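Participant: The following block contains a protein sequence and its predicted model.
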Amino acid sequence: MILSRYKDIPTAGTVVKKKSSNPMIFLIRGYLILIVLGTILLKCPFSLKQELSFVDAFFTATSAVCVTGLSVIDIGNVLSYTGLWILAALIQVGGLGIMTFSTAILLFSGIRPGFNQQALFKSGFTSQEDIEPKKILIAILPFTFVLEGLGTASLFTQFGDLPLDERILYAVFHSVSAFCNAGFSPFANSLTDYQFNPVVNTVIMLMVISGASAFWQCRKSRIFSIFQRGRFKKSRCIPKSSCSRRRLYP
């Protein structure tokens with residue numbers, strides 16, 4: 001009877017086994033799942049204008065998720081509008097990171113991420129352990145989408161020779177691609193036709209710089225320190241007059 005009471009208590013061996021699980025396995029598994037899912041979606045008929053081999057679809061999905069910008073196809077002629085939206089989504093998730101979106105989905109669903117996932121997620125943005133992942137997401141996601149929205153609006157004004165739906169798609173796609181440093185473009189010759197357009201060149205350069213350095217600057221600065229619990233309570237000073245009163249009248 002005594003032994004049955006302690007049957008469900010984890011032993012030292014099981015505790016060590018749980019602690020020794022590598023959170024990087026979760027990250028690698030997430031990227032692999034996203035690449036496979038992207039490959040399947042890019043192979044679907046609604047994503048294609050022309051025939052696309054499995055190898056080319058797999059290469060394109062991998063390049064988008066890993067934001068390398070390498071492509072073996074003319075994505076503007078091979079992929080349909082739906083395919084380009086899917087490719088932009090892969091770039092966005094890959095650029096911000098699997099951990100960012102998986103943590104956001106869990107938190108917005110009311111599920112608290114595991115300790116390893118929280119530690120891996122926070123390590124990409126800050127070295128301060130006492131900041132909740134939700135606070136980091138509140139700082140990161142609006143920052144990202146506001147910048148990409150401004151870039152989209154600016155590029156939209158410069159793609160006036162395109163149909164409205166294609167104009168919106170290309171503006172969003174180039175904004176996301178530039179911010180995530182992916183280098184993809186639906187145009188066959190990339191942005192060569194806009195090489196003398198100051199607005200397009202300036203916006204793309206600012207988006208690339210913002211995406212490449214903004215989170216690093218946030219990590220090095222104290223921007224996340226405002227989300228620490230009790231920060232303002234700890235930093236609030238008591239006036240001298242009140243201190244003297246406390247001494248005189250304990």
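Facilitator: It's in. Numbering: from 1, shown residues only.
Participant: measure Phe156 to Asn189 for me?
Facilitator: 20 Å (C-beta to C-beta, to the nearest Å). C-beta coordinates here come from the backbone N, C-alpha and C atoms, glycine included.
Participant: how close does Val72 get to Asp161?
Facilitator: Distance from Val72 to Asp161, by C-beta to C-beta: 28 Å.
Participant: got it, and Ser71?
Facilitator: 24 Å.
Participant: follow-up on the earlier one: neighbour count for Val72 and Asp161, which is higher?
Facilitator: A count of neighbours by other C-beta atoms under 10 Å puts Val72 above the other of Val72 and Asp161, at 12 against 8.
Participant: and Phe156 and Asn189? which has more neighbours close in?
Facilitator: Applying other C-beta under 10 Å to Phe156 and Asn189 shows that Phe156 carries more neighbours, namely 18 against 11.
Participant: For that one, give me its contacts.
Facilitator: 167-168, 171 (C-beta atoms under 8 Å, 6 or more residues apart in numbering).
Participant: again with Ala88
Facilitator: Counted by C-beta under 8 Å, 6+ apart, Ala88 has contacts 172-173, 176-177.
Participant: any idea which element it lies in?
Facilitator: helix 81-96 (DSSP states H and E).
Participant: any idea of the mean pLDDT for that helix?
Facilitator: In this model, helix 81-96 has a mean pLDDT of 92.
Participant: Buried ones in that helix, by neighbour count?
Facilitator: Buried residues in helix 81-96, defined by neighbour count with 16 or more other C-beta atoms under 10 Å: 81-88, 90-96.
Participant: same check, this time on stretch 28-47
Facilitator: By neighbour count on 16+ other C-beta under 10 Å, the buried set for stretch 28-47 is 30-31, 34-35, 38-39, 41-43, 47.
Participant: which ones among these are found in strands?
Facilitator: Residues of those located in strands (DSSP state E): none.
Participant: gap between Arg167 and Val199?
Facilitator: Counting by C-beta to C-beta, the gap from Arg167 to Val199 is 14 Å.
Participant: neighbour count winner among those two?
Facilitator: More neighbours surround Arg167 than the other of Arg167 and Val199, with 17 against 12 (other C-beta under 10 Å).
Participant: I'd say that one and Gly160 touch.
Facilitator: Yes - counting by C-beta atoms under 8 Å, Arg167 touches Gly160, with 7.4 Å between them.
Participant: give me the low-pLDDT residue ranges for this protein?
Facilitator: 1-24, 26, 97-139, 214-250 (pLDDT under 70).
Participant: same thing but 80
Facilitator: Scanning the chain for pLDDT under 80 picks out 1-27, 30, 96-143, 212-250.
Participant: which stretches of it form helices?
Facilitator: 2-5, 12-19, 23-43, 54-65, 75-78, 81-96, 98-108, 115-123, 133-156, 164-179, 198-220, 231-235, 240-248 (DSSP state H).
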